[in-house]
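>>> Provided below for reference: sequence and predicted model.
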Amino acid sequence: MSAKYNWQTVHPVYGVPISVVQATYHPAIRCDVRRRHNLPSRSWAVRISTWVNTNYFLWSLCAGLAGYRSDEEWTNTFETHYRKTWDEIQARVQEIDGPYRFGVPIPMPPVMKAVVIHHPDNGPAETFTVFPEARPSYLLPQVTSMSSDAVWGLLRFVTERQSVVPDIFDVVLDISSPAPSCSLYAKM
């Protein structure tokens, strides 16, 4: 993905920046995910390389934290209440190729927000706060603006850095009031 793309223009059907729809490559990032700032870092547990929309990004972080098993309470909660929905989301995204994947309806994730922090070797940290998007289960035409809390600001930051290796981020999930579990196919 080139840094030359226009990040301000939003695709009227998919509701994501046109630059994301037109890109032939999306960079990967690595995330050390936890539920509290004060928990120790153990490893770079979650790799994000599929960019569908903000809710998909948040679901990926939640599933990654559960899969890493560093937080047994969250792993048990995720496996009990959210695993089926995540598996349905994954299956749906994998069966759709190209720009159509940006139109896949992704239900609200079981998280209130994610604070995503990049600590460079020198200079101040970059912080992105990503909130779920209340998206309908169908596409709305004529989407003309992008929420400042969407994941695309993070993707733009990663893209414009043009790092050869995946960027590394600390991520803290706010799961204080998780969304109820729901089936993706029940909403269609």
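Yep, it's here.

>>> Relative to residue 66, how far out is residue 20?
27 Å (CB to CB, to the nearest Å). Any C-beta I mention is one placed from the backbone N, CA and C, and that applies to glycine too.

>>> Check residue 27 too.
Taken as CB to CB, the span from residue 27 to residue 66 is 24 Å.

>>> can you check residue 153 too?
For residue 153, the distance to residue 66 (CB to CB) stands at 26 Å.

>>> between these two, which one's more packed in?
Shown here are residue 153 and residue 66; by other CB atoms under 10 Å, residue 66 has more neighbours (22 against 19).

>>> Residue 45 and residue 71 touch, don't they?
No: under the criterion of CB atoms under 8 Å, residue 45 is not in contact with residue 71, lying 10.2 Å apart.

>>> what residues are shared contacts of those two?
residue 65 (CB atoms under 8 Å, 6 or more residues apart in numbering).

>>> How about the residue nearest the centre of the chain: what's its closest non-neighbour residue?
Centroid-nearest residue in the chain, with CA atoms, centre = their mean: residue 57, separated by 1.2 Å. Spatial nearest neighbour of residue 57, excluding adjacent residues (CB to CB, 6 or more residues apart in numbering): residue 151 at 4.3 Å.

>>> quick one, what contacts the one you found?
51, 53, 54, 57, 58, 130.

>>> can you list these in TSV and add distance to residue 12, pLDDT and secondary structure?
Shown next, in TSV, are the contacts of residue 151 (distance: CB to CB, whole Å; pLDDT from 0 to 100; DSSP: H, G, I helix; E, B strand; the rest coil):
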residue	distance to residue 12	pLDDT	secondary structure
51	19	90	coil
53	15	89	coil
54	18	91	helix
57	22	96	helix
58	24	96	helix
130	23	94	strand
